[in-house]
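Undergrad: Just to be clear, the model below is a prediction. Sequence and coordinates:
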Amino acid sequence: MKIVNVRHLGLVLASLALGSCTVRHHPAATQNSRPAAPEPQTSRLTLQIPAADARFRYEGRFDFSNSNAPVIIWQASRISLDFKGDTLGLLFDNARGQCFFNAEVGGSNTVVEVREGKPAQPATLAGFGPGRHHLALFKRSEADAGTVRFRGVDLAAGGKAWAPPPPACRLRMEFFGDSLTVGACNEDGDTDQWDNRRTHNAALSFAALTANAFPADYRNIAVSGMGIATGWVDKKAGAVWDKIYPDPASPRADLTQWVPQVIFVNFGENDDSYPRAHGQPFPASYTDGYIALIRAIRAAYPAAHIVLLRGGAFGGAQSAPYRQAWESAVTQLEAADPAISHFVFAHWTRNHPRVADDRIMADELIGWLKLQPFMQACCQAPAG
């Protein structure tokens, strides 16, 4: 993707209510540390709440190197705020690629589009009525498709803002994977398409649906086309899983700022489909690479329970070389670490899963999780 430095300040109304709790740019940053906010800017017509204001709740892996313009990167990143006023505008700039958001206020959702070199659409949302409202903004498109800086919100004259109530979640989940975890193509028709990411909705991925069922605060760190040893993109899972941006050259995220209790890993579809499409054998380095990735995740999160996933598409269901390589890795990992389990989806599709498929996959995983002793321990832990 060609990088163009675009300076447009798009005013857009947005919000999204979540069922859970809520291109290349590499400034050094951590995802949660923010300096004190500047004073809100007021005028006769509007009240501007800058992005660094402590009343915003950020959930996800952001680039906070500039706290007044944090970069929204990963799918399922969330920003929320309570406010009073009939209109609300979200301020974006420096869009790269294409970004789509679910924006919800009071149960009414609008898909907001922010593309490189163009103003955000729609430019205005209004008609909320009197009283206090909840804004929740959810990035539905994936990190590798585009990023954008968030500059805060504008409220109409007389508006007011509050921090949202603390989330009730006791559980923290993190999902690592590829397009299956992203939710890629899940709102497409009969054919997968990649030109317009509006129909790629991470809010209805199996990952989001699983997290929302408990409910859990969660992160979705996944890249379409990415594998362990090979894939449809150059980056590999072992070089990206712990980065701020989906790029091996990105700074490492501060993994101590938010610590998951349950981690899900689903890689292998691209290791299978890419060489198969090019007349090549399944990569011999997959098993060792998979083990190395899980051990790196374990080193970062020593107390988490790790669930190794397979399935949902053709490779995980039908490819013997993939299955054998994955099972070899799982056997070695589970033998050495009692806090590692595995789960295989029964449901699978030849295209990318659609929303109906994501729901079936989530139901399978949710049903299994509810029977696991480690989930009982995690769900009884103090809210974090």
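TA: Alright, I've got the coordinates.

Undergrad: Low-confidence ranges, this structure, go.
TA: Scanning the chain for pLDDT under 70 picks out the ranges 1-45, 123-124, 379-384.

Undergrad: which residues are in contact with stretch 327-341?
TA: Outside stretch 327-341, the residues that touch it by CB atoms under 8 Å, 6 or more residues apart in numbering are 286-287, 290-291, 294-295, 298, 304-308, 342, 372, 374. All C-beta atoms are positioned from the backbone trio N, CA, C, and that covers glycine.

Undergrad: For it, list the C-alpha coordinates in PDB.
TA: What follows is stretch 327-341, C-alpha atoms only, in PDB (Å, rounded to 0.1, in the frame of the first residue of the first chain):
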ATOM      1  CA  GLU A 327      -1.100 -32.200  16.200                       C
ATOM      2  CA  SER A 328       2.600 -32.700  16.600                       C
ATOM      3  CA  ALA A 329       3.000 -29.200  17.900                       C
ATOM      4  CA  VAL A 330       0.000 -29.500  20.200                       C
ATOM      5  CA  THR A 331       1.200 -32.800  21.700                       C
ATOM      6  CA  GLN A 332       4.600 -31.400  22.500                       C
ATOM      7  CA  LEU A 333       3.200 -28.200  24.000                       C
ATOM      8  CA  GLU A 334       0.500 -29.800  26.100                       C
ATOM      9  CA  ALA A 335       3.000 -32.400  27.500                       C
ATOM     10  CA  ALA A 336       5.200 -29.600  28.800                       C
ATOM     11  CA  ASP A 337       2.600 -27.100  29.900                       C
ATOM     12  CA  PRO A 338      -0.600 -28.100  31.800                       C
ATOM     13  CA  ALA A 339      -2.100 -24.600  31.200                       C
ATOM     14  CA  ILE A 340      -2.400 -25.300  27.400                       C
ATOM     15  CA  SER A 341      -5.500 -26.900  25.900                       C
END
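
Undergrad: now that stretch: how far from the chain's centre is it?
TA: Relative to the centre of its chain, stretch 327-341 is centred 26 Å away, using CA atoms, centre = their mean, to the nearest Å.

Undergrad: for the longest strand anywhere in the chain, packing partners?
TA: Criterion DSSP state E: the longest strand present in the chain is strand 87-105. Counting contacts by 3 or more CB pairs under 8 Å, 6 or more residues apart in numbering; DSSP states H and E, strand 87-105 packs against strand 10-12, strand 108-115, strand 125-126, strand 132-139, strand 146-156.

Undergrad: follow-up on the earlier one: which one of the contacts of stretch 327-341 has the most neighbours?
TA: With neighbours defined as other CB atoms under 10 Å, the most crowded of these is residue 290; it has 27 neighbours.

Undergrad: Mind telling me what element that one is part of?
TA: Per DSSP states H and E: residue 290 is located in helix 286-300.

Undergrad: Show residues contacting that helix.
TA: Counting by CB under 8 Å, 6+ apart, helix 286-300 makes contact with 176, 227-229, 236-238, 241-242, 255, 263, 265, 267-268, 271, 304, 306, 308, 322, 325-326, 328-329, 332-333, 337, 340, all of which sit outside it.

Undergrad: Which element is encountered next along the chain beyond it?
TA: As assigned by DSSP H and E, the chain's next helix or strand after helix 286-300 is strand 305-310.

Undergrad: what lines up beside that next one in the sheet?
TA: strand 262-266 (parallel), strand 340-344 (parallel) (DSSP bridges).

Undergrad: Buried ones in the longest helix along the chain, by neighbour count?
TA: Under DSSP state H, the helix in the chain containing the largest number of residues is helix 320-336. By neighbour count on 16 or more other CB atoms under 10 Å, the buried set for helix 320-336 is 321-323, 325-326, 329-330, 333.

Undergrad: Based on its surroundings, how many neighbours for residue 370?
TA: Neighbour count of residue 370, defined by other CB under 10 Å: 12.

Undergrad: where does residue 356 fall, phi/psi-wise?
TA: Note on residue 356: its backbone torsions stand at phi -60, psi -40 [degrees, to the nearest 10].

Undergrad: That one and residue 222, how far apart?
TA: From residue 356 over to residue 222 the distance is 20 Å, taken as CB to CB, to the nearest Å.

Undergrad: Settle it for me: which of these two has more neighbours?
TA: For residue 356 versus residue 222, the count of surrounding residues by other CB under 10 Å is larger for residue 222: 31 against 12.

Undergrad: was I right about that one contacting residue 175?
TA: Yes - the pair residue 222 / residue 175 is scored as a contact, 6.5 Å apart, by CB atoms under 8 Å.

Undergrad: Now do the shared contacts for these two.
TA: Common neighbours of residue 222 and residue 175 (CB under 8 Å, 6+ apart) are 181, 207.

Undergrad: Please verify my assumption that residue 72 contacts residue 93.
TA: No - with contacts counted by CB under 8 Å, residue 72 stays clear of residue 93, the gap being 11.5 Å.

Undergrad: between those two, who's got more neighbours?
TA: Ranked by neighbour count (other CB under 10 Å), residue 72 and residue 93 place residue 72 first, with 27 against 16.

Undergrad: quick one, what contacts that one?
TA: 60, 62, 79, 99, 139, 147-150.

Undergrad: element containing the nearest residue to residue 209 once chain neighbours are set aside?
TA: Leaving aside its sequence neighbours, residue 209 sits nearest to residue 362 (CB to CB, 6 or more residues apart in numbering; 3.6 Å). If you go by DSSP H and E, residue 362 is part of helix 355-369.

Undergrad: and the angle for that helix with strand 305-310?
TA: For helix 355-369 against strand 305-310, the angle between stretch directions is 140 degrees (axes from the mean of the first three to the mean of the last three CA atoms, to 10 degrees).

Undergrad: which residues touch helix 355-369?
TA: Contact partners of helix 355-369, identified using CB under 8 Å, 6+ apart, comprise 183, 186-187, 201, 204-206, 209-210, 213, 262, 309, 311-312, 343, 345-347, 349, 353, 375.

Undergrad: Quick one: buried ones out of the residues you listed?
TA: With burial judged by 16+ other CB under 10 Å, the buried subset of those is 183, 186, 201, 204-206, 209-210, 213, 262, 309, 311-312, 343, 345, 347, 349, 353, 375.
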